[in-house]
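> Coordinates only, no sequence provided:
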DNA sequence: AGCTGTGAAAGAATTCACAGCC
DNA sequence: GGCTGTGAATTCTTTCACAGCT
């Protein structure tokens, strides 16, 4: 349990037996991670829960409680060591694993994701871009050729792909998901506005962009109705942090045949 | 309170005094809405909480409780009238308002959003595409010309834009947000991986795509650690529905100068 | 003096379970 | 018999407030 500060060096043993981290906390850890990443670039070596809370848009008690689940590595009177915190969080989120990710469906959204630099910076390596449109196969997106969906099995096996980002149109999403599962994928980030049915051992997380707009619309309407009272409703400034149940998804013009 | 079924006709009065809808419920209403929209296309006229729960990936008690906040419009022994429910929800979410939306930052993600048909289907009208890169101005995306960010004030005024979708790179996001606020925008859907600071009356909702992957990674790792016990962790099949605190954002290659 | 870590209190969300209506 | 609506019980999350270390 030493590992003071400095490099993100090896952890000591006895870490597997950590308490269960609440879901709400899990959802915030990536935000802290992002903020800490920015701080470390400004050569900040130490940060207080107050400051971190401000940057992340939450309150300080929450930050302390959240971080305490990682094991209470702060120093009273001082704060947290930024690098060590980063290490702790990346460890907890499994970002040290270098997950291979396949993006399936290279329409506008798929391209946007392929070009998004943030993934690699945060422990995810894009290992394949797949589409079922022959006209797209071979084209380069983010310096990588699009491959045909039929190659899925081989690619998953050879490149040890663990996570698939599903960015195909809604009507194709279930059948493509079925193929992903058969190929051995166990985690899917689903951007299609559908509820996928998959075996229990497969994790699915939904992101639906239209739903986000609808939620925004709800709170806007409520504000207007209530005569724009400032101290009301949810999420103001930054830390909106509204609980977002099942999220939505974008279908976007991607061509993936309704495979079977 | 008549308004039986059939057209989404006029509501009766006395609706402003409805109880406060919990945040968690607000986040799920759009999911129900999406599912109901699909059901109505299959000519389903009536739906039970059980069935709706299954389609939405949640449990039935939750569905009933959620819908009860809209006012208890189900029929015991029968279920809910699909069209009427759709009307109720769209009313509640303010989808009957036809909000004008501006997409700011027309990189890959901005384009993906512009081409996403789901918005208009759900009460949002894309009223402008803005970018600060002169090379992009005038180009057509989804049959609409990109306009220069400098036109913002005029466009917001003339087209009554209420909501902005911010899809610019992270470093530009705060300054662009400042401009949006000055132009009179009061709701922002932020895709940049930053915590924006805005006046209290402005609503911000964050979506960070990398964070979604990180959350997925956490649960995957935990499963593996625990020896893949099936009955554990969060979110299995469909209704992942993990609470998603402050979400993340994608920066994507969009060119918007750091205005200011 | 400053800031973490955490029990205990308060508040929200979920789930149970069943009375009540069709 | 089937299904809604909802209090009550339970579980999860947030917030408070302060003891305890540096």
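That came through fine. Keep in mind it's a predicted model, so treat the numbers as computed, not measured.
> Now tell me which helix or strand of chain A has the poorest mean pLDDT.
helix A:118-121 (a mean of 81; mean pLDDT, DSSP states H and E).
> Residue ranges of each domain in chain A, please.
Domain ranges of chain A: A:23-95, A:98-207, per automatic domain parsing.
> would JSON lines of the ones you listed with mean neighbour count and distance to DNA strand C be doable?
Where C-beta positions appear, they are placed from N, C-alpha and C, glycine not excepted. JSON lines is the format used below for the domains of chain A (neighbours: other CB atoms under 10 Å in any protein chain shown; distance: least, CB to the nearest atom of the strand, whole Å):
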{"stretch": "domain A:23-95", "mean neighbour count": "19", "distance to DNA strand C": "3"}
{"stretch": "domain A:98-207", "mean neighbour count": "21", "distance to DNA strand C": "15"}
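> so which of those gets nearest DNA strand D?
DNA strand D sits nearest to domain A:23-95 of all those, at 3.0 Å, using CB to the nearest atom of the strand.
> so where is the stretch 1-150 of chain A shaky, pLDDT-wise?
Scanning the stretch 1-150 of chain A for pLDDT under 70 picks out A:1-19.
> Helices of that one, residue ranges please.
Counting by DSSP state H, counting those that start in this stretch, the stretch 1-150 of chain A has these helices, from start to end: A:23-41, A:49-56, A:60-68, A:82-93, A:108-115, A:118-121.
> So residue A:218 is in contact with residue B:95, correct?
No: Residue A:218 is not in contact with residue B:95 according to CB atoms under 8 Å; the separation is 9.1 Å.
> right, is the least confident helix or strand of chain A up against chain B?
Yes: contact between helix A:118-121 and chain B, assessed by CB under 8 Å from any CB of the partner chain, occurs at A:118, A:119.
> before we move on, what about stretch A:45-62?
Yes: under the criterion of CB under 8 Å from any CB, chain B is reached by stretch A:45-62 at A:55, A:56, A:57, A:58.
> related to what we said a few turns ago, now do the least confident helix or strand of chain A: which elements does it pack against?
Counting contacts by 3 or more CB pairs under 8 Å, 6 or more residues apart in numbering or on different chains; DSSP states H and E, helix A:118-121 is packed against strand A:124-131, helix B:209-225.
> could you redo the ones you listed as CSV and give each row distance to residue A:34?
Converted to CSV, those look like this (distance: least, CB to CB, whole Å):
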stretch, distance to residue A:34
strand A:124-131, 14
helix B:209-225, 8
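> CSV please, covering these and showing distance to DNA strand D.
Output for the helices and strands packed on helix A:118-121, formatted as CSV (distance: least, CB to the nearest atom of the strand, whole Å):
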stretch, distance to DNA strand D
strand A:124-131, 24
helix B:209-225, 12
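> and residue A:35, which of those is closest to it?
helix B:209-225 (11.7 Å; CB to CB).
> in the closest one, what counts as buried?
Neighbour counts over helix B:209-225 (16 or more other CB atoms under 10 Å in any protein chain shown) mark B:209-223 as buried.
> and it with helix A:108-115, angle?
70 degrees (axes from the mean of the first three to the mean of the last three CA atoms, to 10 degrees).
> quick one, helix B:209-225 and helix A:23-41 angle?
Taking the same axes, to 10 degrees, one finds helix B:209-225 and helix A:23-41 inclined to each other by 120 degrees.
> Show me what helix B:209-225 is packed up against.
Where contact means 3+ CB pairs under 8 Å, 6+ apart, helix B:209-225 is packed against helix A:23-41, helix A:82-93, helix A:118-121, strand A:124-131, strand A:161-166, strand A:187-190, strand A:203-206.
> 6 Å - rerun?
Packed against helix B:209-225 by the contact rule (3 or more CB pairs under 6 Å, 6 or more residues apart in numbering or on different chains; DSSP states H and E) you find helix A:23-41, helix A:82-93, strand A:187-190, strand A:203-206.
> report the angle between the axes of the first one and helix A:82-93?
Interaxial angle of helix A:23-41 relative to helix A:82-93 (the same axes, to 10 degrees): 140 degrees.
> Can helix A:23-41 be said to contact DNA strand D?
Yes: applying CB under 7 Å from any atom of the strand, one finds helix A:23-41 touching DNA strand D at A:23, A:24, A:25.
> what distance separates that helix from the centre of its chain?
With CA atoms, centre = their mean, to the nearest Å as the basis, helix A:23-41 stands 11 Å off its chain's centre.
> Kindly report the same for the third one.
The gap between where strand A:187-190 is centred and where its chain is centred comes out at 10 Å by CA atoms, centre = their mean.
> again, but for stretch A:95-102
Distance of stretch A:95-102 from its chain centroid, counting by CA atoms, centre = their mean, is 12 Å.
> just to revisit the earlier point, for the helices of the stretch 1-150 of chain A, which one sits closest to residue B:83?
Proximity to residue B:83 (CB to CB) singles out helix A:108-115 among the helices of the stretch 1-150 of chain A, at 30.9 Å.
> Check which helices and strands the closest one is in contact with.
Here helix A:108-115 touches strand A:99-104, helix B:108-115, going by 3+ CB pairs under 6 Å, 6+ apart.
> wait, which of the ones you listed is closest to residue A:74?
strand A:99-104 (28.7 Å).
> separation between residue A:26 and chain B?
Going from residue A:26 to chain B by CB to the nearest CB, to the nearest Å gives 5 Å.
> I figured that residue hits residue B:218, correct?
Yes: using CB atoms under 6 Å, residue A:26 makes contact with residue B:218 at a distance of 5.3 Å.
> how long is stretch A:108-121 end to end?
Terminal residues of stretch A:108-121 lie 22 Å apart, using CA to CA, to the nearest Å.
> Check stretch A:91-99 too.
Terminal residues of stretch A:91-99 lie 13 Å apart, using CA to CA.
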